[in-house]
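Asker: sequence and predicted structure, then a few things I'm wondering about:
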Amino acid sequence: MSVPDSVCAYDAPESVSAYDRDMDLMHPLRHKMAAVILEVLPFPREAPVGFLDLGAGTGFLTDRVLQAWPNATIIAIDGAAAMVELARARLADSASRVRFVVADFRALPAGLCAPGSLDAVVSAYALHHLTGGEKRDLIARALTWLRPGGWFLNADLTRAMDPAVEQRIQQLRVSGILQRKPAGDPRFLDDITTRAFLDELELRDQDRPLPLSEDIALAREAGLVSAEVLWKEYREAVCGGPFNTHASH
Ligand SMILES: C[S@@+](CC[C@H](N)C(=O)[O-])C[C@H]1O[C@@H](n2cnc3c(N)ncnc32)[C@H](O)[C@@H]1O
């Protein structure tokens, strides 16, 4: 299986060095979404919980998890070695609690984790790089690693079903970036340059966000029958639920 463009894009030094700065500019809601994930997970703060972060990138969400649960351990998976190197640097103080894995989501070995061994599988801004079928297969595999009652939570991009609504959301996205951008950034001079930059970026990164109803439907097909939308603002959402809750009683 060849390396997908969505991974190659994140292995390029020029994208990686500016990654977190650009995420704050283009996706300031990432902080809110991480906070929602931490708030929803019903684990005591001192519990020795086991996590998996799918598409950990530079370790933004992994870091939040490790801070929230000081006895947690986490497997941080990403296809881009350059992103994982930044995550290693960011998480150096918690190195003993993190296992880094460089791997393609579409070919994760079943033996990556012991069956039923994890308390939570989390992900941020990563699964929209997959096709619907690839996402469903990945969720199904991740669920095999969750204990009964463990949680799957995904903070990610979506798109509106109605083209007029999507167009308005995209206009709000562009105006938000123009309000936040640092002076003189040539990528974001006005609506036209910003739109052109975003279109090129999405093509390069192979972004393919789905309408939220489709994301929920495929999570349920994958076996997460509890899947719900927990939080949403325009084109960003946190979805998921507990797995196989009946088996835990
Ligand atoms: C937008 S970044 C999100 C990183 C991080 N979770 C965050 O919130 O900042 C998407 C990440 O998904 C990874 N990715 C995309 N497609 C992948 C695939 N097929 N297998 C593994 N990782 C993939 C990329 O390498 C990248 O690090």
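Answerer: Great, that's in hand.
Asker: switch to C-alpha atoms for all contacts and neighbour counts from now on
Answerer: OK.
Asker: all strands of this protein, in order?
Answerer: For the chain, the strands identified by DSSP state E occupy 50-54, 73-78, 98-102, 118-124, 146-157, 228-233, 236-242, in order along the chain.
Asker: got those strands as TSV, with distance to Leu210 and mean pLDDT columns?
Answerer: Written out in TSV, the entries for these read as follows (distance: least, C-alpha to C-alpha, whole Å; pLDDT from 0 to 100):
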stretch	distance to Leu210	mean pLDDT
strand 50-54	18	98
strand 73-78	21	98
strand 98-102	25	98
strand 118-124	15	98
strand 146-157	8	98
strand 228-233	14	98
strand 236-242	11	98
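Asker: make a markdown table from the ones you listed and add mean neighbour count and distance to the ligand to it.
Answerer: A markdown table is the format used below for the strands of the chain (neighbours: other C-alpha atoms under 10 Å; distance: least, C-alpha to the nearest ligand atom, whole Å):
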| stretch | mean neighbour count | distance to the ligand |
| --- | --- | --- |
| strand 50-54 | 24 | 7 |
| strand 73-78 | 23 | 4 |
| strand 98-102 | 17 | 7 |
| strand 118-124 | 24 | 4 |
| strand 146-157 | 24 | 8 |
| strand 228-233 | 16 | 16 |
| strand 236-242 | 23 | 12 |
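Asker: list the buried ones in the worst-scoring helix or strand of the chain on mean pLDDT?
Answerer: With mean pLDDT, DSSP states H and E as the measure, the helix or strand of the chain carrying the lowest mean pLDDT is helix 13-17 (a mean of 73). For helix 13-17, a neighbour-count test (16 or more other C-alpha atoms under 10 Å) marks Val16 as buried.
Asker: which stretches of the protein have low pLDDT?
Answerer: Filtered on pLDDT under 70, the chain yields the residue ranges 15, 247-249.
Asker: which positions in it make contact with the ligand?
Answerer: 4, 6-7, 10, 55-57, 60-61, 78-80, 83, 103-106, 123-126, 129 (C-alpha under 6 Å from any ligand atom).
Asker: type out the PyMOL command that picks the buried ones from the residues you listed.
Answerer: The buried residues among the residues of the chain next to the ligand can be selected in PyMOL (16+ other C-alpha under 10 Å) with this line:
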select buried, resi 4+6+7+10+55+56+57+60+61+78+79+80+83+103+104+105+123+124+125+126+129
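Asker: any idea how far the top helix by length along the chain is from the chain center?
Answerer: With DSSP state H setting the assignment, residue counts place helix 163-180 as the longest helix in the chain. Centre-to-centre, helix 163-180 and its host chain are 21 Å apart (C-alpha atoms, centre = their mean, to the nearest Å).
Asker: that's all I had, so thanks and see you.
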